[in-house]
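Novice: sequence below, structure please.
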Amino acid sequence: MQLNSVLGKGAYKIVYKGIDREEGYEVAWNCFQTTKQEYAELSQEVEILKRVRHPNIINFHDCWYSNTEFIFITELMTSGTLREYIRKLQQPNLKVVKRWCRQILKGLIYLHSYDPPIIHRDIKCDNIFINGAHGEVKIGDMGTAKMKIGKKYTVIGTPEFMAPEMYEEKGYNEKVDIYAFGMCLLEMVTGEYPYGECKNAAQIYKKVTQGLKPDCLAKVTDPEVLALIDRCIAPEHERYSAQEAIEDVFLGVEPEVVVLTTNEAKNHLTLQVVFKGMDKLSVKFEFNADTDTAEEVVNEMIEEQVLPQRYQRFITHDINRILRELAGSNDKKDSAGLHAPSSPPGLQSGSQAAVTPFTLDSPQTPQAGVTGLSRKNSNSDYSSEVELPFKEYAPDAPIEDLVRDTAMAYHRPPDKANEWLAKLKNQDIMTIGDLKDLQDSDWAGFDLTVFASRALRNRLFGKNRSSQMSRSPSGTDEGN
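Specialist: Sure thing, here's the model as predicted:
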């Protein structure tokens, strides 16, 4: 049921507040001026839009044609449009801007992943809606969206946000949404509408088709923001896709180290690297503050492809920050879940690390929820929540069986398995029996990383015996 409360007006559309009488919740009642023939042509797109469901896209509930109007009912967002919200905030900080951008791009990635892609065609801050209480943003105004079958030629959208190819007769594709996203980002960081210096649509058309950028682009001072905008509003063949845009350095995931548990002496820690924003990867590991350094631990995780190298500096710094924080509060009992503040860059932080890569949203999450690392010269216990299944091998079985099974279980690539295999064979280890006859101190000569050594031994002996070996009286914890 439509109410008389007007939520917004545009050139072709009026939005009223409405109520779903069956469910009892408020909705947005959108009235779009069109002809019956145009509505009939939209029927295929409308059916698809009804099926679109994504956390960052306004839900499309229903639609019909009535008296020259295309009426469609959508989810209602409580804080209005992103443009209105920016005006209230004046100048949002870059952390907030990043969060908004990631959500918008996730919605576009979803739309563009359809076959054929769904092109929104009118992305702008007026059509991005926000729930201020949760910082949640959603793409709205899906009434202008169109399935891309070949190239589109219809000129539709808002001139300030329309890519040059939308004005031309060569057609356009889903990258027009990325151009518009770039202009949205420009508005977010400057607070100004793109091409605000132009007095009418004709002047905007002239500047856009001549390749002239909005004047407010000169006000962008952050080089990473500027680079992202440039890649989004570049010519079509050079322009980012939605996926490429979300992977841009400005929007890269922000790693943070948190303390999950610590002992009373605060030298045995369980740490977790959380990748904020993308929710793709989390790495959990045990850390012994008596034996090694944060630098060594992070280097090993990078070498074993547990962590991408680009996060080396951030994660190393965060671990060191934690150590300083704990050292400064040694008389207090740590609480589980303490967030990683800081530590002096040079502070020694030994680590018996149980490194756990796992993908939160991926069906390929490792069966072993925790990948074990126990660093050399460390006498602390190895612990894991889920231990890798131990497998019995015949003594005369080739060493290749163990190595490849272990690499596969820990989701390591074949070249990593070959690297481990070469190091073992260099020491004349050819069969499972050759390995089982070794003492703990013998593993030190294999030149394996601590991760590889621990993973192989867990697979061969099981976690408990492997841990006992690492605490042998000899004091040599394990090979690298």
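Novice: same for the one helix or strand E300 maps to, what does it pack against?
Specialist: Taking DSSP states H and E as the criterion, E300 maps to helix 294-303. If contacts are counted by 3 or more Cβ pairs under 8 Å, 6 or more residues apart in numbering; DSSP states H and E, helix 294-303 sits against strand 282-288, helix 312-328, helix 450-461. To be clear about C-beta, it is placed using only N, CA and C from the backbone, and glycine gets the same treatment.
Novice: ok, 7 Å please
Specialist: The contact analysis (3 or more Cβ pairs under 7 Å, 6 or more residues apart in numbering; DSSP states H and E) places helix 294-303 against helix 312-328.
Novice: mind listing what's buried in the helix holding E300?
Specialist: Counting neighbours by 16 or more other Cβ atoms under 10 Å, one finds that the buried residues in helix 294-303 are A294, E295, E296, V297, V298, N299, E300, M301, I302.
Novice: pretty sure the fifth one contacts Q312?
Specialist: If I follow you right, that is V298. Yes. Counting by Cβ atoms under 7 Å, V298 does reach Q312; the two are 5.6 Å apart.
Novice: which element is L228 on?
Specialist: Using DSSP H and E, L228 falls in helix 223-232.
Novice: give me the mean pLDDT for that helix.
Specialist: Mean pLDDT, computed over helix 223-232, is 96.
Novice: tell me which residues of it are tucked away?
Specialist: V225, L226, L228, I229, D230, R231, C232.
Novice: so which of those comes closest to A218?
Specialist: For the buried residues of helix 223-232, the residue nearest A218 by Cβ to Cβ is L226; the value is 9.7 Å.
Novice: pop the domain breakdown of the chain in here.
Specialist: Per automatic domain parsing, the structural domains of the chain span 2-75, 82-251, 253-386, 388-480.
Novice: could you list the buried residues of stretch 73-82?
Specialist: Using 16+ other Cβ under 10 Å as the test for burial, stretch 73-82 gives I73, T74, E75, L76, M77, S79, G80, T81, L82.
Novice: may I see the residues you listed arranged in a markdown table, with secondary structure, pLDDT and distance to K436 as well?
Specialist: Below are these laid out as a markdown table (DSSP: H, G, I helix; E, B strand; the rest coil; pLDDT from 0 to 100; distance: Cβ to Cβ, whole Å):
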| residue | secondary structure | pLDDT | distance to K436 |
| --- | --- | --- | --- |
| I73 | strand | 85 | 69 |
| T74 | strand | 84 | 65 |
| E75 | strand | 85 | 62 |
| L76 | coil | 83 | 66 |
| M77 | coil | 80 | 63 |
| S79 | coil | 79 | 64 |
| G80 | coil | 83 | 68 |
| T81 | strand | 89 | 67 |
| L82 | helix | 91 | 63 |
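Novice: on that earlier part again, weakest of the domains of the chain by average pLDDT?
Specialist: Among these, domain 253-386 scores lowest, with a mean of 64.
Novice: what's the angle between the helix holding E300 and strand 282-288?
Specialist: Orientation of helix 294-303 against strand 282-288 (axes from the mean of the first three to the mean of the last three Cα atoms, to 10 degrees) gives an angle of 140 degrees.
Novice: from the chain's centre, how far out does helix 294-303 sit?
Specialist: How far helix 294-303 lies from its chain's middle: 22 Å, per Cα atoms, centre = their mean, to the nearest Å.
Novice: burial of A397, as a residue count?
Specialist: Residues lying near A397 (other Cβ atoms under 10 Å) number 13.
Novice: now do P55 against M166, distance only.
Specialist: From P55 across to M166, the span is 28 Å (Cβ to Cβ, to the nearest Å).
Novice: scratch that, N263
Specialist: On the measure of Cβ to Cβ, N263 and M166 end up 62 Å apart.
Novice: neighbour-wise, which of these two wins?
Specialist: The neighbour count for N263 versus M166, taken as other Cβ under 10 Å, is higher for M166 (21 against 12).
Novice: any buried residues in the one helix or strand that one maps to, and which?
Specialist: Using DSSP H and E, M166 sits in helix 164-167. Buried residues in helix 164-167, defined by neighbour count with 16+ other Cβ under 10 Å: P164, E165, M166.
Novice: so who does F60 touch?
Specialist: Residues near F60 by Cβ atoms under 7 Å, 6 or more residues apart in numbering: L49, K50, V52, F72, T74, M142.
Novice: now for those: which two are most distant?
Specialist: Using Cβ to Cβ, the two most remote members of the contacts of F60 are V52 and F72, lying 12.3 Å apart.
Novice: can you give me the neighbour number for E41?
Specialist: Neighbour count for E41, taken as other Cβ under 10 Å: 12.
Novice: just the CA coordinates for stretch 313-320, please, in CSV.
Specialist: What follows is stretch 313-320, C-alpha atoms only, in CSV (Å, rounded to 0.1, in the frame of the first residue of the first chain):
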residue,chain,number,x,y,z
ARG,A,313,55.4,-5.4,7.0
PHE,A,314,51.9,-5.0,8.5
ILE,A,315,51.7,-8.4,10.2
THR,A,316,55.3,-8.3,11.5
HIS,A,317,54.6,-4.8,13.0
ASP,A,318,51.4,-6.0,14.5
ILE,A,319,53.0,-9.0,16.2
ASN,A,320,55.7,-6.7,17.6
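Novice: quick one, phi/psi of K50?
Specialist: Note on K50: backbone dihedrals following degrees, to the nearest 10 are phi -60, psi -30.
Novice: begin at 469 from now on, thanks
Specialist: In the new numbering, first residue 469, that becomes K518.
Novice: my reading is that L579 lies in a helix. Confirm?
Specialist: Yes. Counting by DSSP: H, G, I helix; E, B strand; the rest coil, L579 falls inside a helix.
Novice: and the nearest residue to G664 once chain neighbours are set aside, how far from S581?
Specialist: By the measure of Cβ to Cβ, 6 or more residues apart in numbering, the closest residue to G664 outside its immediate chain neighbours is C684, 6.5 Å from it. Here the criterion is Cβ to Cβ. By it, C684 lies 32 Å from S581.
Novice: please say which of these two ends up with more neighbours.
Specialist: C684 (19 against 12).
Novice: how near is the more buried one to N886?
Specialist: 54 Å.
Novice: need the helices for the stretch 819-948 of the chain, in chain order.
Specialist: Along the stretch 819-948 of the chain, counting by DSSP state H, counting those that start in this stretch, helices occupy 867-877, 882-893, 900-904, 918-929, 931-938.
Novice: give the buried residues for the second one.
Specialist: Put plainly, it is helix 882-893. Applying 16+ other Cβ under 10 Å to helix 882-893 flags K884, A885, E887, W888, L889, K891, L892 as buried.
Novice: can you pull the contacts of the first one?
Specialist: Translated: K884. When contacts are counted by Cβ under 7 Å, 6+ apart, K884 touches Q773, A875.
Novice: any idea how many residues pack against E704?
Specialist: 15.
Novice: where does it fall, phi/psi-wise?
Specialist: phi -50, psi -40.
Novice: so D683 touches E665, yeah?
Specialist: Yes. With contact defined as Cβ under 7 Å, D683 counts as touching E665 (4.7 Å).
Novice: find the nearest non-adjacent residue to I591, please.
Specialist: A648 (3.7 Å).
Novice: could you say which helix or strand holds that neighbour?
Specialist: Here A648 is assigned to helix 643-658, by DSSP H and E.
Novice: tell me the angle of that helix relative to helix 691-700?
Specialist: 150 degrees.
Novice: ok, then the element right after helix 643-658?
Specialist: helix 669-677.
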